[in-house]
Every structure is written in C-alpha cells, then in structure tokens.
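Chemist: from the sequence below, what's the structure:
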Amino acid sequence: MTAVKSEESDNKSDIFTKIERFGRYQTVQYIFVCLTLFMISMTHVNYVFVAENVNYRCRVPECEQENQKMEIPTWWPEDIDHKCYKPILNTKKMALFNGSCSNSSFSGVIEECQHWIYENNNSIVAELNLACQPWKVNLVGGIHNAGMIVSMIFTGLIADKIGRKPTFIVCAVGASIGVFKIFMTNYYWYLALEFLESVLGSGLYTVGVVLLIEVGGSSKRVLAGIIFSYAVYIGEIVFAFLAMSLQYWKWLILVVYAPMLLFILYFLCLRESTRWQMIRGRLQEAKETLKIMVRTNKIDLSEKEIEDASDDQMRLMFDVVEQKEKEDMKVIIGSKEIMTRLSVSSFCFFTSSFLYYGSLVHVVLLPGNKYTNFILSAFTAFPGEMVAYYTFNKYGRRITLQCGYLLSAVFLIAQNYCPSSLSVEGDIILDRKTWSRDLFYWNLHLQSGIIPYQCQRDFIRLGQHSCQDWEYVSAFNTFIGDLFFAWLRLPRGLAALYITEIPALPSFLFSSCAVMAALLLTFTPETKNLPMFDTVAQVDSYKTSQFKEENVETATVPNIISTKL
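Modeler: Residues are numbered from 1 along each chain as shown. Reported below is the predicted structural model:
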C-alpha cells in the first residue's frame, strides 16, 4: 500500500514538473509583460529630453530686430551675462547712434532678465519659460522619482491584495495620464501631473519583474531578470530614436503615452500568477490557470488529473506556503539575519544609484550628438547582462555583484587619470556606466533569495529601506543618491570648493562606496541554490541548519586527523 502511494506521489511530481517547463504559454505571457515594460521605460526617462536645457539669451526689446535670433548680438556688452541679466540702456548715448544699439549704448547698470529668446521650443524650458531657473528643470526628474517611491509603496500592497494581473493593468493604463502634460501651461501644474503619472505607472516595474519570475518558475529567475532588463534597455533606446526624430516635446509625449491606453485589453489576454493564487488560497483559480497552461503548451495531461490534485499536493509541487497570517513586526526586527540582509541590500542599491547617476552626468557631457550618446549608453548595458547570465549560474550571484562593484571602482579611478583629449575617456565612462547600470538589476537577482516575501511586505507598510519587491529599494535610494549627487555638483559652497581644489574627489568618493558595497556583501548568503523564502522563520531555520552543519564538520576534523596520525 505504501509503495502504491509513493508511486502516485512520484507521478504527481512528474506531472507538475512538466507544467513548470518553459513553453508557449510562458513565452506569450513574457511578451505581454515585456511590451508593457518597454513602454513604461520610455515614460520613466521622458524628462531627459522633454525637460532638457536649451540655449537662450536675454531679450532687450529696444535693441531687437524683427527677426530675433538666439545668437549673442554684436551690440551685447562683453562683461555682462547674456542669459540672466539685462543691460540698462543709456538713452543719451543711444540717441547719438540714431536709435541703434552698440556696445557703448549701455549705462553699465544691469537688472534681472524677465524675457528671453530661446534657441527652440523642443522642451518645456521654452514652453513654460524656465530660463535661469535650472533648479526647476532638475526638479522634474526629482518629482518623477518621488512619485516612483510612493508608487512602489502602494503597488506592493495592492498587488498583494487584489493580484498581480489587475495591478499590472491599472499601472499600465494609469501611466497614460501623462499625455495631458501637453496641455499644461503652468509649471507647478506640470509637476503635479508628472508626479501623478509616476505614482500610477512606476509600480509596473515592481509587478512586472514579479510576474516574470512567477510565470517562468524558480528555475528561470536569472532569465526573467535579464529579460526584464533588456525590455527596459530597448525601451530607452527606442525613446532616444523617437526623440531624435520628433524633437518637439509635445509630439514625443503624445507618441509615447497615448498607446498605453490599449493595455486595458490585457484583461482579456494576460493571466494571473499561479503562485499568487496558491499563496492566497485560491486553489481553484490556480487550477483553471493551469488548465490554460496545459492546453497552450500541449502537455499530455488531462483536466481531470489537475482537478484530482489536492490542495496540499499542488502547494508541495510548486513549493508554495499558504499565506494565513502576516509576520509580526517584532519578529522581523528581532531577527538579526533579516536586519543584516536588509541593511546591506539598502546600501548596495544606494551605491548602485550613486554610481549610475554619476556616470549619467558624464555621458550627457560627452562631446557629440546627445541622442547618440544616450543610445550608446543604453547599448552598453547589454553585455553586462550576458556576463551575468553566465556567471550567475557558474559562480553565483554574490561574487558577480562584488566583482561588478570592484570593476566600477577601477573604471572610476582610471577615468579620472585619463587625459580628457583622448577618445578613450569616453570609452571608459561608457564601460563604467555599463557596470553601474547592470548593478541595479544584479541586485534584484540577489535580493530575490535573501529577503522573504512577508518581510518585504511589512517593511513597505512602514516605509523602510526594504520593500515588497526589490525595485522599491532601488527607487528610494535612486532618489536619495540623485539628490546627494546634485548637492555634490552644485557650483557653490563647500562642494564646489572640494571639486575645484581636488578634482579627483568625486571619483574617489564613488569608488569608495563601490568597494564598501562589495565588502558588505560578504555578510549576505549566496543565493545560487537557495529556494524563495516566504517567512522569517524559514530564513532563521535555514541559517540555524547551516550553522549546525558547519559545527558538525568542524567537530569531525580532529578525528580525521588523529586517525591519519
């Protein structure tokens, strides 16, 4: 009788192993998710070109001709800033030149400029009249990242409650609200809409990467992360080509945002995550999803066999624990192992953003076409993911991350001592950006194994530096890193003094953070062969078992040595 039961159990295991194999069903779902990530990635970097700086000069109505041009006129005083200050005319001197302006027509007194002539109206700088207010231009990106933080907090909770599919679709369709930015004539209303668009759409990163991992199965975690990264990179490249072709910011926004309304059709074709259905106790819904999977992948399995599988068997085969109650916050905070992992995770994501946005500034400042530079910077990320796909499976996640941080530090130092006249400087900057950019997504792979599901969700609720999904940590620290880097680059105060007197300071600061992150990763476990933990208890139990095994091995060493002696 026992043999019969054992045989039935093995048959069930074989059946569900076939179901988990990557097939047509998984491919179609991946295409649906990646198409949405491709679109949302364009909205996430929209401000790079929509809110880019354009050249301008102050307008002096008394001296301007009918065909006003942005170029500095010959009559402009040499010692006066042509952008933000207006020279005051000396009417007596002007009368001597029959009402025409010359260098000597001005009194030497200046005032703040109120009207400008712009090179073009391809960005909101001209449309919203943001000349001489660089902080307002830079704030657009900061507001977008702030909206991303809020989105990650609430998206994690909503996806946990109502499901991955409806949350994914709401985020995708909600981001289309950004199309209304073309009607904004007031800067602060534009900021409000930028924030709202980010809140509604940025959560797609969180739900998207979770859907890819859960649809593909635990064995495809690395592949899911790489596909997620490539969908984002391709979106950024296409966005740069669109910006180069359209140039006018309103046309660009219309082309990028309007099509996202079509994602409402995903209610008909996108499927819910079976893992989420099982965790939430919706086993019958999970069975219906599995039936669709079986039919699509043409698996030799009848619907009756799926229906006959008990709830416990399904959870066992898919390695899922039913979520009956949430972890107590005291348990989470009281776990030394969890707090160590969360602290290291947060610092690593902060460092990744610090390195990435520092590199981004240098890429923008490289000579040449700005669109080409942006496209090349996106292309440089592709080789890093291929490296990760090989090294993650062969050497492990942790060692790959550590090497990535150390290589970033090497490129930082090398770039600082490379003569600016050499073209190799651009290559080094792009190489540095390759590693710093990929470190974002490599961190996602590592954190999927070290932060348990319920711990992530509870720390979202308190707004800590951990998250329901690892992207929230990235978003939070990206914003902080961006602000810190902006402070470091301000042309005034102590930061400016340091940069002027010690030009290598930023490079050494960035590289020291990278080295520190590599060292701190030694306090986290290798996740190459680890399962996906759901609770703190599972993590502590695993840690305890590993500690006991190490003690047993240590205790047996003297016996072995004494035998040989």
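Chemist: can you pull out the low-pLDDT segments for the stretch 101-250 of the chain?
Modeler: By pLDDT under 70, the weakly predicted segments of the stretch 101-250 of the chain are 218.
Chemist: can you give me the strands for it?
Modeler: 106-112, 116-118 (DSSP state E, counting those that start in this stretch).
Chemist: relative to Ile124, which of those strands is closest?
Modeler: strand 116-118 (11.2 Å; C-beta to C-beta). C-beta: built from backbone N, CA, C; applies to glycine.
Chemist: list the helices and strands that closest one packs on?
Modeler: strand 56-58 (3 or more C-beta pairs under 8 Å, 6 or more residues apart in numbering; DSSP states H and E).
Chemist: contacting residues around the strand it packs on?
Modeler: 70-72, 76, 82-86, 113, 115-119, 125-126, 131 (C-beta atoms under 8 Å, 6 or more residues apart in numbering).
Chemist: show the buried residues in the residues you listed.
Modeler: Trp76, His82, Cys84, Lys86, Cys113, Trp116, Ile117, Tyr118, Val125, Ala126, Ala131 (16 or more other C-beta atoms under 10 Å).
Chemist: just the closest of the residues you listed to Ala414, please.
Modeler: Distances from Ala414 to the buried ones among the contacts of strand 56-58, taken as C-beta to C-beta, are shortest for Val125 (34.8 Å).
Chemist: before we move on, back to that, got the strands of the stretch 101-250 of the chain as a markdown table, with distance to Ser343 columns?
Modeler: Listed next are the strands of the stretch 101-250 of the chain as a markdown table, based on distance: least, C-beta to C-beta, whole Å:
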| stretch | distance to Ser343 |
| --- | --- |
| strand 106-112 | 48 |
| strand 116-118 | 47 |
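Chemist: can you tell me which of those is packed in deepest?
Modeler: With neighbours taken as mean count of other C-beta atoms under 10 Å, the strands of the stretch 101-250 of the chain reach their highest mean count in strand 116-118, at a mean of 18.
Chemist: mind listing what it pairs with, with the direction of each?
Modeler: strand 56-58 (antiparallel) (DSSP bridges).
Chemist: now the element after the partner strand, going C-ward?
Modeler: Counting by DSSP states H and E, the next helix or strand C-terminal to strand 56-58 is strand 85-89.
Chemist: neighbouring strands of that next one in the sheet, and parallel or not?
Modeler: Partners of strand 85-89 in its sheet, by DSSP bridges: strand 106-112 (antiparallel).
Chemist: pull the strand it pairs with out as PDB, backbone CA atoms only.
Modeler: Provided in PDB are the C-alpha atoms of strand 106-112 (Å, rounded to 0.1, in the frame of the first residue of the first chain):
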ATOM      1  CA  PHE A 106      24.600 100.900 -22.200                       C
ATOM      2  CA  SER A 107      25.000 102.600 -18.800                       C
ATOM      3  CA  GLY A 108      26.800  99.700 -17.100                       C
ATOM      4  CA  VAL A 109      23.900  99.000 -14.800                       C
ATOM      5  CA  ILE A 110      22.100  95.600 -15.000                       C
ATOM      6  CA  GLU A 111      18.900  94.100 -13.800                       C
ATOM      7  CA  GLU A 112      17.400  90.600 -13.700                       C
END
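Chemist: coming back round to it: and the strands of the stretch 101-250 of the chain: which comes nearest Phe411?
Modeler: Among these, the nearest to Phe411 by C-beta to C-beta is strand 116-118 (37.0 Å).
Chemist: run a quick neighbour tally on the nearest residue to Val215 once chain neighbours are set aside.
Modeler: Distance criterion C-beta to C-beta, 6 or more residues apart in numbering; nearest residue to Val215, sequence neighbours excluded, is Gln29 at 4.9 Å. For Gln29, the neighbour count with other C-beta atoms under 10 Å is 21.
Chemist: right, and Gln29 touches Gly208 too?
Modeler: No - if you go by C-beta atoms under 8 Å, Gln29 and Gly208 don't touch, sitting 11.3 Å apart.
Chemist: on that earlier part again, I'd like the buried ones among the contacts of strand 56-58 laid out as TSV, including distance to Cys34.
Modeler: Converted to TSV, the buried ones among the contacts of strand 56-58 look like this (distance: C-beta to C-beta, whole Å):
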residue	distance to Cys34
Trp76	52
His82	47
Cys84	45
Lys86	52
Cys113	47
Trp116	43
Ile117	44
Tyr118	38
Val125	33
Ala126	35
Ala131	40
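Chemist: minimum distance to Glu64: which of the strands of the stretch 101-250 of the chain has it?
Modeler: Comparing the strands of the stretch 101-250 of the chain by C-beta to C-beta, strand 116-118 comes nearest, at 7.8 Å.
Chemist: give me the contacts around that closest one.
Modeler: With C-beta under 8 Å, 6+ apart, strand 116-118 has contacts from 54-59, 64, 68-70, 83, 125-126, 129, 131-132.
Chemist: of those residues, closest to Gly174?
Modeler: Using C-beta to C-beta, Val125 comes nearest to Gly174 of those, at 27.1 Å.
Chemist: can you pull the phi/psi pair for Lys298?
Modeler: Main-chain torsions, Lys298, degrees, to the nearest 10: phi 60, psi 50.
Chemist: residue contacts, it?
Modeler: Gly23, Arg24.
Chemist: so that it lines up with my notes, have the first residue be 712 from now on.
Modeler: Okay, residue one is now 712; in that scheme the one you just asked about reads as Lys1009.
Chemist: separation between it and Ala951?
Modeler: 40 Å (C-beta to C-beta, to the nearest Å).
Chemist: repeat for Ala1228
Modeler: From Ala1228 over to Ala951 (counting by C-beta to C-beta), the distance is 29 Å.
Chemist: of the two, who's got more company?
Modeler: More neighbours surround Ala1228 than the other of Ala1228 and Ala951, with 27 against 23 (other C-beta under 10 Å).
Chemist: you'd agree that one is up against Cys1059?
Modeler: Yes - under the criterion of C-beta under 8 Å, Ala1228 makes contact with Cys1059 at 4.9 Å.
Chemist: surely Lys998 meets Ile1017?
Modeler: Yes - shown here, Lys998 and Ile1017 form a contact pair, counting by C-beta under 8 Å, at 5.3 Å.
Chemist: quick one: buried residues of stretch 1085-1097?
Modeler: Of the residues in stretch 1085-1097, Phe1085, Ile1086, Leu1087, Ser1088, Ala1089, Thr1091, Ala1092, Phe1093, Gly1095, Glu1096 count as buried by neighbour count, 16+ other C-beta under 10 Å.
Chemist: can you get me the start-to-end distance on that stretch?
Modeler: 21 Å (C-alpha to C-alpha, to the nearest Å).
Chemist: circling back: and of the contacts of strand 827-829, the nearest to Cys1224?
Modeler: Out of the contacts of strand 827-829, the member with the shortest distance to Cys1224 (by C-beta to C-beta) is Val836, at 32.2 Å.
Chemist: which residues does the closest one contact?
Modeler: Ala762, Glu763, Asn764, Val765, Tyr767, Tyr829, Ala842, Val848.
Chemist: what separation do you get for it and Arg770?
Modeler: Here Val836 is placed at a distance of 15 Å from Arg770 (C-beta to C-beta).
Chemist: one more: Leu923?
Modeler: Distance, Leu923 to Arg770, by C-beta to C-beta: 52 Å.
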